[in-house]
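**Q** just the structure for this:
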Amino acid sequence: MVFKNSIFTFIILLFISSYTLTAQEKASPKSGEGISTFLKRHNRTGKEYHEQFIKLNKDKLGKNNTLRLGVKYTLPPLQSQTAATKQKNYEPLFGKEYAKYNQISSELKDACFYLVSGHGGPDPGAIGKVGNIELHEDEYAYDIMLRLARNLMMRGAKVHIIIQDAKDGIRNQKYLNNSKRETCMGSPIPFSQFRRLEQRCAKINALNKKDKEKYRRALFIHVDSRHKGKQTDVFFYHSLKSEESKRLAKTLRSTFNHKYKKHQPGRGFTGTVEKRSLYVLNHTVPVSAFVELGNIQNSDDQKRLVLSDNRQALANWLCEGFIADYKQSMKKR
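**A** As a prediction, the model looks like this:
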């Protein structure tokens, strides 16, 4: 009986070990890549990731730990920047100039955010033009998302940056360089639109299961594309069935309306709030909202995107909207 139990235990352990190995993420290198550049492309930088990679793949590496084309290597598990930060108040995704930040308050200490900039990787999203320069939606949405993430962290919130670029931090140039480096927290972004949306929703929902904060919100940040002559204000979508999603979208819109009255009196604000049956709103467990920051084809709306001060203002106002919604939510508990 003891012998049978030992065999049974061994089989179970073997199954668990096998499952763990097969569940690990794998990828193949590109021509000319060494371990460091390969890992950097998958958002794994630093000595610890490098050492883990060699241990995991020692039988697959070439002479002097070189990478072989066509070989699938096991990637070290991606560490959450928010849950396992080694240096307090430091986020490398913000770039060298902005990686360090000071926490200025604790007003969002029990809040958790899942921030998603639209498109990325193989999909640039909407494309506008200024002369011969192309403005890609994914680059501008990403920059604003990073600025928002930093604002929220400075106020004590936990923030999950779902779409990540290991090289591009917060940038102050008017015209942001275009790339296809973005990942979904280290995982390559699929070419298929459905798979892209499915991937980011699955990532949010998996994180949400582990998070314990009382207030959890997701925001999907996009830039619209319409006829060049159509100027649009920032507008918001909420899910069909969630009253909290509707309240969040309305609170964000109300914040923008107030800011425009203050900073551009007499201009008026025409941004709207509508319900939409969007995949990401329907399949994300945390309360979520979707924001369109303007028309990337329109010259006036482009100023909202290309000027770094304007990108920062958008992030500031989104942050203030979240703070207002957080306070409303906490009052009801």
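
**Q** now the longest helix seen in the chain: mean pLDDT?
**A** Ordering each helix of the chain by length in residues (DSSP state H) puts helix 308-331 first. Helix 308-331 shows a mean pLDDT of 96.

**Q** can you tell me what sits against it?
**A** With CB atoms under 8 Å, 6 or more residues apart in numbering as the test, helix 308-331 has contacts from 107-108, 110-111, 113, 140, 143-145, 147-148, 150-152, 155, 171-174, 214-215, 217, 219, 234, 244, 247-248, 251-256, 259, 291, 293, 303-305. For glycine as for every other residue, the C-beta is placed from the backbone atoms N, C-alpha and C.

**Q** try 7 Å
**A** 107-108, 111, 143-144, 147-148, 151-152, 172, 215, 217, 247-248, 251-252, 255-256, 259, 293, 303-305 (CB atoms under 7 Å, 6 or more residues apart in numbering).

**Q** which stretches of the stretch 201-333 of the chain form helices?
**A** 243-263, 279-283, 299-306, 308-331 (DSSP state H, counting those that start in this stretch).

**Q** with mean neighbour count and distance to residue 230 added, can I get those in a markdown table?
**A** Shown next, in a markdown table, are the helices of the stretch 201-333 of the chain (neighbours: other CB atoms under 10 Å; distance: least, CB to CB, whole Å):
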| stretch | mean neighbour count | distance to residue 230 |
| --- | --- | --- |
| helix 243-263 | 19 | 18 |
| helix 279-283 | 18 | 24 |
| helix 299-306 | 18 | 9 |
| helix 308-331 | 18 | 19 |
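
**Q** among those helices, which comes closest to residue 38?
**A** Of all the helices of the stretch 201-333 of the chain, helix 279-283 sits nearest to residue 38, with 29.9 Å by CB to CB.

**Q** using PDB, list the CA coordinates for that closest one.
**A** The C-alpha trace of helix 279-283 is given here as PDB (Å, rounded to 0.1, in the frame of the first residue of the first chain):
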ATOM      1  CA  TYR A 279     -15.100  43.400 -26.500                       C
ATOM      2  CA  VAL A 280     -12.800  44.900 -23.800                       C
ATOM      3  CA  LEU A 281     -15.700  46.400 -21.900                       C
ATOM      4  CA  ASN A 282     -17.700  43.200 -22.100                       C
ATOM      5  CA  HIS A 283     -14.900  40.800 -21.100                       C
END
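
**Q** now do it: which elements does it pack against?
**A** Here helix 279-283 touches helix 193-210, strand 287-295, going by 3 or more CB pairs under 7 Å, 6 or more residues apart in numbering; DSSP states H and E.

**Q** if you set the cut-off to 10 Å instead, what comes out?
**A** Contacts defined by 3 or more CB pairs under 10 Å, 6 or more residues apart in numbering; DSSP states H and E place helix 279-283 against helix 193-210, strand 215-224, strand 235-238, strand 287-295.

**Q** re the thing from before, of the helices of the stretch 201-333 of the chain, which is nearest residue 69?
**A** It is, among the helices of the stretch 201-333 of the chain and with distance given as CB to CB, helix 279-283, at 35.5 Å.
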